[in-house]
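Q: Next one to model:
(chains A, B and C)
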Amino acid sequence: MSRNSEDALIELEGIKLGFQQRLILDVEQLQISQGGLTVLTGANGAGKTSLLRVMAGLQESDQGKIRFKGDTVSYGSQGLEHRRRVSMLHQEPYLFSGSVLKQVCYGPISHGLNQGIEEKARQALEAVGCLGLVNRHTRQLSGGEKKRIAYACLLALDSELLLLDEPTAQVDQESSEKIRKLIQMQLDAGKTLVVSTHQPEWAKPLKPRLCMLEYGRIVSDTRWN
Amino acid sequence: MKSYSLILSILLYGFLVSSVAAYERLKLATTTSTANSGLLNYLNPVFEEKSGVRVDAIAVGTGKALKLGQNGDVDVMLVHAREAEETFIKEGHGVNRKDVMYNDFIIVGPASDSAGINGMDDVILALRKISEKSSLWFSRGDDSGTHKKEMILWKESAISPSGNWYRGLGQGMGKTLLAADEKGAYTLTDRGTFIALSTGNKIGLIILSEGDSRLFNPYGAIAVNPERHPYVKYKLAMKYINFLTSTEGQSLIARFRMKGKILFHPHNGS
Amino acid sequence: MTFLFEGFLEGLQMVFQGNPAVYNAAWVTLKVSFGSTLIASLIGLPLGYFLASSSFRGKGFFTVLLQTLLGFPTVVIGLLVYGFLSRRGPFGFADLLFTPSGIVIGLVILAFPITTMFTMTAVSGIDPRAREMALTLGASRQRTAWTLFKEVRFGLISALLASFGRVASEVGIAIMLGGNIEGYTRTLTTAIALESMKGEFGFGIALGLVLLTLIFITALLSRYVQKL
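A: All right, here's what the predicted structure looks like:
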């Protein structure tokens, strides 16, 4: 545990990730403290998604270290613990074939819960306004619905850090406002969120910290008030 | 989840059922002529009833049957190639050879009989004529007892058969007869297989040469040498051989008919 | 034409009159095919998953090796296994030659490359986001594998089916390792080989009909299972 990071929830140090001889991620230092919203922005291919995946424990970086609450994050078969503390919403989430209810219950079951799972799932579905879809097959959903169901999957878990990749991409005005409300709700509950987006203005009302990525580097780090 | 457990349980069930084994089993290597004629299906149940042993008959050519015995993969053999059997015993692979029964070989061919051998009882002359006329001849070509016999006969005729008219098929007796029927070829066959096929109207070939003493076809039973292969079921093998050569076994063989015809004559018969 | 027609008629008659030889052979075929498909799946499913989801040195070579096995003539497999199971071979002591278990061993060698390659193809075809979804929702590696298997169950069922169809319709291994012993190791295919040798066309047709029906039922069953 490093001394100056005692209040950091997640801390990245010297993260480098290459892909086909190109450096797509080069983050010297990034600390995100407990509670609050961090928005990652930048052009396509700036490394937003890769950074989220690295933080989520889905992608191991070539170099560098990540600490979560002071514990060094590991990957692969050792990464289960970390993956149960952090969850990520993909830009175009994949839903398993089966009912919506089963999909939302998947996380809590994976976390080893054995009571109140369905209740949790229903609450999460209600929060994203999809309770009516509970018995629908995941194949019969629109893109926007899929995204909300996937969000519900995250809500059904008590993850300490939520990573959302472009939650408002290809989503209409109304839905994107709904998502903002959801995020606000989570912030009020004391959660920590990192959200990537092309349209940082959308997140302005949430008064986030704004990190700008360019070619895998963080080129600016400001707080919006 | 449901679907997988269903498949798995079906597979598991099938597998468990398949691994059930109950009887003591005696492995018999024999020739296609005894198995396909139905003789073994007639004899073995009687033995199985008396002894409580299942006889697993593996029907191959005599050459292959002897090879299986030499490797110790079977316990007992019922074959027909006297010379090869004697070599087999001499080399120590088998013991207690007993004569069981006999029938005879015949030369069959198309009714048109282009070589003109119909009615010849000297098989050597008949073969010479076939080769002179270059009439189509199908040989088993599979190192079976019949094939071994054929080679001996050609040797006695001082002919080394080759050329367009002579074809080795590498097939069993049944297949060879069917092929000879299709192509109008001559061939050497044991009488049993021929009767089985011709009475069923499967083939139109006719008997052209028979009765020569050189066409005598004795069947012998041999136990695999237990000193070579200690795990063979020698006692059971001897039980089986003794059954075949017993008064009961011999009279069973004498009474065996296929489609009303006699196929095998017991060794101890009149 | 009458020859064909009569054979067919005779065959149908035997099937519907419950000819014991036909049903014995069908039963043996079922047993060895189920047994070998089960074992081949226990090998092929994990192996195929492993090959699809990991990269290591020599993976390409290994895949080519499997593809070669896929095209291996059954008589060669039969011959090789015969060498191992014969009393003179290294596993002669087990007394497996000319038994149903002996056939199963040969058939497993025939079938596991099929189940492995089918599984590998199915699993590599999975959307990579499916894996990440399971992982980020906190699934363990085993649960992730199970989830992915469920996502590609159609592919896996076709792996089992392809394997079952292959082993049920195979002749060379069954005859070389089973010895075509009536009521014990005589399968539908080896019985057909024998009956055709004896010129019993109708009997052969009857056996062929049962074999076809068997494979047809398997296909129906798999359709039903896919709907669950």
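Q: Assign C:Leu30 to helix, strand or coil.
A: helix (DSSP: H, G, I helix; E, B strand; the rest coil).
Q: C:Val167: helix or strand, and which one exactly?
A: helix C:153-168 (DSSP states H and E).
Q: average pLDDT across that helix?
A: Averaging pLDDT along helix C:153-168 yields 88.
Q: Which residue ranges make up each domain of chain A?
A: Per automatic domain parsing, the domain ranges recorded for chain A read A:1-85+A:162-180+A:191-225, A:92-158.
Q: on that earlier part again, so is the helix holding C:Val167 next to chain B?
A: Yes. Counting by CB under 8 Å from any CB of the partner chain, chain B has neighbours in helix C:153-168: C:Arg153, C:Ile157, C:Leu160. All C-beta spots, glycine's among them, are computed from the backbone N, C-alpha and C.
Q: ok, back up a step: in CSV, list the domains of chain A along with mean pLDDT and mean neighbour count.
A: As requested, the domains of chain A are arranged in CSV below (pLDDT from 0 to 100; neighbours: other CB atoms under 10 Å in any protein chain shown):
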stretch, mean pLDDT, mean neighbour count
domain A:1-85+A:162-180+A:191-225, 89, 17
domain A:92-158, 93, 19
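Q: For the ones you listed, could you give me TSV that also reports distance to chain C?
A: Converted to TSV, the domains of chain A look like this (distance: least, CB to the nearest CB, whole Å):
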stretch	distance to chain C
domain A:1-85+A:162-180+A:191-225	4
domain A:92-158	4
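Q: Tabulate those domains in CSV, adding columns for distance to C:Gly48.
A: Formatted as CSV, the domains of chain A follow (distance: least, CB to CB, whole Å):
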stretch, distance to C:Gly48
domain A:1-85+A:162-180+A:191-225, 19
domain A:92-158, 20
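Q: out of those, nearest to B:Val46?
A: Within these, the stretch nearest B:Val46 is domain A:92-158; the backing value is 60.7 Å (CB to CB).
Q: Briefly note if the closest one comes near chain B.
A: No. With CB under 8 Å from any CB as the criterion, chain B is not reached by domain A:92-158; the gap is at least 10.2 Å.
Q: quick one: the helices in chain C?
A: C:2-16, C:20-53, C:59-70, C:74-85, C:100-124, C:128-136, C:141-151, C:153-168, C:172-178, C:188-197, C:201-227 (DSSP state H).
Q: Please identify the deepest-packed of the ones you listed.
A: Highest mean neighbour count among the helices of chain C (mean count of other CB atoms under 10 Å in any protein chain shown): helix C:172-178, with a mean of 27.
Q: for that helix, packing partners?
A: Helices and strands touching helix C:172-178, by 3 or more CB pairs under 8 Å, 6 or more residues apart in numbering or on different chains; DSSP states H and E, are helix C:74-85, helix C:100-124, helix C:188-197.
Q: Out of those helices, which gets nearest to A:Gln173?
A: helix C:100-124 (39.4 Å).
Q: close to chain A, is the closest one?
A: No. Helix C:100-124 stays clear of chain A (CB under 8 Å from any CB), getting no nearer than 13.7 Å.
Q: what's the spacing between the helix holding C:Val167 and its chain's center?
A: Computed by CA atoms, centre = their mean, to the nearest Å, the chain-centroid distance of helix C:153-168 equals 7 Å.
Q: Could you do stretch A:65-74 as well?
A: 17 Å.
Q: do the same with stretch B:136-145
A: Taking mean C-alpha positions (CA atoms, centre = their mean), stretch B:136-145 and its chain are 13 Å apart.
Q: Could you do stretch A:37-51 as well?
A: What separates the centre of stretch A:37-51 from the centre of its chain is 12 Å, taken as CA atoms, centre = their mean.
Q: try stretch B:92-104
A: 13 Å.
Q: For that stretch, give the mean pLDDT please.
A: Stretch B:92-104 shows a mean pLDDT of 94.
Q: Equivalent analysis for stretch B:110-120, please.
A: 93.
Q: C-alpha coordinates for stretch A:47-60, CSV please?
A: The C-alpha coordinates for stretch A:47-60 follow below in CSV (Å, rounded to 0.1, in the frame of the first residue of the first chain):
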residue,chain,number,x,y,z
GLY,A,47,-8.1,4.0,-25.1
LYS,A,48,-11.3,4.6,-23.1
THR,A,49,-12.6,1.0,-23.4
SER,A,50,-9.2,-0.5,-22.9
LEU,A,51,-8.7,1.5,-19.7
LEU,A,52,-12.1,0.3,-18.4
ARG,A,53,-11.3,-3.3,-19.3
VAL,A,54,-8.0,-3.1,-17.5
MET,A,55,-9.7,-1.7,-14.4
ALA,A,56,-12.4,-4.3,-14.6
GLY,A,57,-9.9,-7.1,-14.5
LEU,A,58,-10.9,-8.3,-17.9
GLN,A,59,-7.7,-7.3,-19.6
GLU,A,60,-4.2,-7.7,-18.2
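Q: quick revisit: can you add distance to chain A and give the residues of helix C:153-168 next to chain B back as JSON lines?
A: Shown next, in JSON lines, are these (distance: CB to the nearest CB, whole Å):
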{"residue": "C:Arg153", "distance to chain A": "9"}
{"residue": "C:Ile157", "distance to chain A": "14"}
{"residue": "C:Leu160", "distance to chain A": "19"}
